[in-house]
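Peer 1: What follows is a predicted structure for the sequence shown.
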Amino acid sequence: MLSKQTKEAFLGPLNANNPVLVQILGICSALAVTVQLKPALVMGISVTIIVALANVVIALIRKSIPMRIRIIVQLVVVAALVTIVSEILKAFAYDVAMQLSVYIGLIITNCILMGRLEAFAMTNNVKDSLMDGLGNGFGYAMILVIVAFLRELLGSGKLLGFQVIPQWCYDHGYTNCGMMLMPAMALILVGCVIWAHRSLNDKEGK
Amino acid sequence: MEKFYKFWKKFGENFQEGGKFEKLSSFYDAFDTFLFTPTTTAKKVGAQIHDGSDSKRTMIIVVLALIPCLLFGMFNVGYQHLLATGQLACGMTCALWWKALGFGVLAIIPFYLVSYIVGLGIEFIVAQIKHEEVAEGYLVTGFILPLILPINTPLWQVAIATAFAVIFAKEVFGGTGYNIFNVALIARAFLFFAYPASMTGDSVFVRLGSTWGWDGATAIDGWSGATTLTQLGTGMAAENASFWETFNGLMPGCVGETCVWAILIGAVLLLMTGVASWKVMLSILATAGVTAALFNAFGPDTAIANYPWYMHLISGGLLFGAVFMATDPVTGARTECGKWIYGALIGFMVILVRVLNPGFPEGMMLAILLGNAFAPLIDWCVVRRNVKHRMNR
């Protein structure tokens, strides 16, 4: 049904060409919003929607964008989409919007977005661009969820706000790891995920 | 000895490729080199090589230098326990002396078991995966770690911190000799930030409860287990320990850091054998002294800023850190001029953290880690300057 190229545009960013793990993009927000699972999920979904839509819009008008001002055009498109998402979040998920605070606004400067627009949407058709945007968004969201899962579980003993580690453990001397709540540990966790990913994908050998 | 050596070599054949215990060859190698290498001693002629000593021998000297601190620390753990539970009310007797030591030994042993089993376990696994010899670096790290922890730290936390430090501070950088930060201090820093309740406060430094089910008791009225620096840092009203009390070290604190004379014995051994650099030690102590004296004279009017400079030098972990941890040849500065700058940075920072940051009563750990981070840069600048000098000649 889907052509090979379209498939590749979607599946590539999930694994072999993952924006966070391989291109090391979007690290800043990955560290900032992953203390808890819920904001990480919302952030992942927001970025996915914005990348996909921005890719579509840019791909639609790619032939009429003057090359000299293409960055500005891309920024305007992204900024408009980010503003829409931000307003929707404030209207329907106020708590999460407050937790994410500036990071929703900062999606504008997320390097994954500009990278995809520049590298893919400017030179590909609408269908491929949509798939590429979705793939990159999911690839990004996946890492956010993995990191946030570990951080919330080990740092607060909760998942999505629900207590997961039973009180029994705390009574017997278990304590939450405060280090997990710090950005430094998020960086180390992202490093661990990259480590695991590389050692699984390193088929060529050393 | 000759007989044992022959037996040992024969035993070793089992570990070679194709032998019975091939998978355990790392173990054999580790103990073999530990006991019998280098096989050569220093030559009588020729000036190129001073000594046949290698890093294993160096590590052993550091461990020997730490033993006075360990012995005193064990006694002090028991002594503080007896003091807090009111068993010393009628004065010290010979029986109580032994009880204190016994209590301390029993309290410390689990720390060493955890530290070495976890740390060396990871080292052996990594060595086996990478097909390398087991490096000797963990010997000292594992020995120092229990000495810089409060005695009440839960053992599972020690295990996690050790694993974290060995993997992320050492193995990912390439193993012994390639680490940027002092591994034992990273373990401590991890505990400090991950489980602050176990690392700071009034009740972590003295064990009240039982050790292995022995001699559990409750504290007497009016007893406080806070260290002097905690009391000063948090503005707790308390009479400060005198100079000689602090010097003797029969007071609450991390296991190995309290006794000044035990640390000085270690320092003498390290300096006589040339293992540690006297420049780093002197530089840290001098800068810390001067900084503290400046705070005494011009600082804010808080208890910790008014704490005399000579007391700053002998309380907390400053001396222990200066002698055993900042002088680590791997993570410290290596150029001779760089050692002075490196020491000065640490000495300045430790007093700064103590006096100006109310959240951290003690700053030696953070100061040394900061010094570690800057050591390569300091070295680079010193080398560049030397190159420039020579170009201009």
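Peer 2: Looks like it came in fine. Numbering: from 1, shown residues only, chains lettered A, B, ... in the order given.

Peer 1: Just give me the neighbour total for A:Leu160.
Peer 2: Using other C-beta atoms under 10 Å in any protein chain shown, A:Leu160 has 12 other residues around it. C-betas here are computed from N, CA, C, even on glycine.

Peer 1: Pop out the phi and psi values for the nearest residue to it once chain neighbours are set aside.
Peer 2: Distances taken as C-beta to C-beta, 6 or more residues apart in numbering or on different chains place A:Leu37 nearest to A:Leu160, at 5.1 Å, with adjacent residues excluded. Dihedral pair for A:Leu37: phi -70, psi -40, per degrees, to the nearest 10.

Peer 1: so what's A:Leu37 up against?
Peer 2: A:Val145, A:Ala148, A:Phe149, A:Glu152, A:Leu159, A:Leu160 (C-beta atoms under 8 Å, 6 or more residues apart in numbering or on different chains).

Peer 1: Most neighbours among the residues you listed, please name it.
Peer 2: A:Ala148 (27 neighbours).

Peer 1: nearest spatial neighbour of that residue, skipping sequence neighbours?
Peer 2: Closest to A:Ala148 by C-beta to C-beta, 6+ apart is A:Ala40, at 3.5 Å.

Peer 1: Which pLDDT value does the model give the residue nearest to A:Leu160?
Peer 2: Note for A:Leu37: predicted pLDDT of 89.

Peer 1: which of the residues in stretch A:178-193 are buried?
Peer 2: A:Gly178, A:Met179, A:Met180, A:Leu181, A:Met182, A:Met185, A:Ala186, A:Ile188, A:Leu189, A:Val190, A:Cys192, A:Val193 (16 or more other C-beta atoms under 10 Å in any protein chain shown).

Peer 1: residue nearest the centroid of the chain?
Peer 2: All of this is about chain A. A:Tyr140 (3.2 Å; C-alpha atoms, centre = their mean).

Peer 1: wrong chain, I was asking about chain B
Peer 2: B:Ile144 (4.0 Å).

Peer 1: shouldn't that one be in contact with B:Thr327?
Peer 2: No: counting by C-beta atoms under 8 Å, B:Ile144 does not reach B:Thr327; the two are 11.8 Å apart.

Peer 1: can you tell me which residues contact the closest residue to chain A within the stretch 51-200 of chain B?
Peer 2: Closest residue of the stretch 51-200 of chain B to chain A, C-beta to the nearest C-beta: B:Ala194 (3.6 Å). Contact analysis of B:Ala194 by C-beta under 8 Å, 6+ apart lists A:Cys177, A:Gly178, A:Met179, A:Met180, B:Gln157, B:Ile160, B:Ala161.

Peer 1: Would you quantify the distance from the residue nearest to A:Leu160 to A:Val20?
Peer 2: Separation of A:Leu37 from A:Val20 (C-beta to C-beta, to the nearest Å): 17 Å.

Peer 1: likewise B:Val330?
Peer 2: From B:Val330 to A:Val20 the distance is 32 Å (C-beta to C-beta).

Peer 1: Check B:Arg57 too.
Peer 2: 46 Å.

Peer 1: cool, B:Thr228 as well?
Peer 2: According to C-beta to C-beta, B:Thr228 and A:Val20 sit 48 Å apart.

Peer 1: Same check on A:Asn110?
Peer 2: 11 Å.

Peer 1: Next, show the common contact partners of these two.
Peer 2: Common neighbours of A:Asn110 and A:Val20 (C-beta under 8 Å, 6+ apart) are A:Gly26.

Peer 1: Which secondary structure elements does the strand or helix carrying B:Ile263 sit against?
Peer 2: In the assignment (DSSP states H and E), B:Ile263 maps to helix B:260-272. Packed against helix B:260-272, as judged by 3 or more C-beta pairs under 8 Å, 6 or more residues apart in numbering or on different chains; DSSP states H and E, are the following elements: helix B:55-84, helix B:243-248, helix B:278-298, helix B:318-320.

Peer 1: what about chain A, any weak spots by pLDDT?
Peer 2: A:1-2, A:203-206 (pLDDT under 70).

Peer 1: Select the longest helix from it.
Peer 2: helix A:126-156 (DSSP state H).

Peer 1: so how far is B:Thr258 from the nearest residue in space to A:Met114 that is not next to it in sequence?
Peer 2: Spatially, and ignoring its direct neighbours in sequence, A:Met114 is nearest to A:Gln74 (6.6 Å; C-beta to C-beta, 6+ apart). With distances taken as C-beta to C-beta, A:Gln74 is found 63 Å from B:Thr258.

Peer 1: Ok, B:Gln128 next?
Peer 2: For B:Gln128 relative to B:Thr258 (C-beta to C-beta), the value is 39 Å.

Peer 1: Check chain A for the residue nearest chain B and tell me.
Peer 2: A:Met179 (3.6 Å).

Peer 1: The chain: strands as residue ranges?
Peer 2: If you meant another chain, say so; for now it's chain A. A:158-159, A:162-163 (DSSP state E).

Peer 1: I'd like the distance between B:Ala373 and chain A.
Peer 2: 13 Å (C-beta to the nearest C-beta, to the nearest Å).

Peer 1: Surely that residue and B:Asn179 touch.
Peer 2: No: look at B:Ala373 against B:Asn179 with C-beta under 8 Å: they stay out of range, at 12.0 Å.

Peer 1: For these two, indicate the residue with more neighbours.
Peer 2: B:Asn179 (24 against 13).

Peer 1: Quickly note the distance from the more buried one to B:Leu155.
Peer 2: For B:Asn179, the distance to B:Leu155 - C-beta to C-beta - is 24 Å.

Peer 1: cool, B:Ala169 as well?
Peer 2: B:Ala169 is 20 Å from B:Leu155, by C-beta to C-beta.

Peer 1: Residues of chain A that sit close to chain B?
Peer 2: When proximity is defined by C-beta under 8 Å from any C-beta of the partner chain, chain A lies next to chain B at A:Gly173, A:Thr175, A:Cys177, A:Gly178, A:Met179, A:Met180, A:Met182, A:Ile188.

Peer 1: Now go through those and say which are in helices.
Peer 2: A:Ile188.

Peer 1: wait, which of the residues of chain A next to chain B is closest to B:Leu64?
Peer 2: A:Met179 (33.7 Å; C-beta to C-beta).

Peer 1: Nearest residue to the closest one in space, please, no chain neighbours.
Peer 2: B:Ala194 (3.6 Å).

Peer 1: State the next helix or strand along the chain beyond the helix or strand B:Met349 falls within.
Peer 2: Element membership for B:Met349 (DSSP H and E) is helix B:336-356. Remark: after helix B:336-356, the chain's next helix or strand is helix B:364-392, criterion DSSP H and E.

Peer 1: Report the contact partners of B:Met251.
Peer 2: Neighbours of B:Met251 in contact, by C-beta under 8 Å, 6+ apart: B:Asn76, B:Gln80, B:Thr227, B:Thr228, B:Ala241, B:Glu245, B:Thr258.

Peer 1: so it, which of the three states?
Peer 2: coil (DSSP: H, G, I helix; E, B strand; the rest coil).
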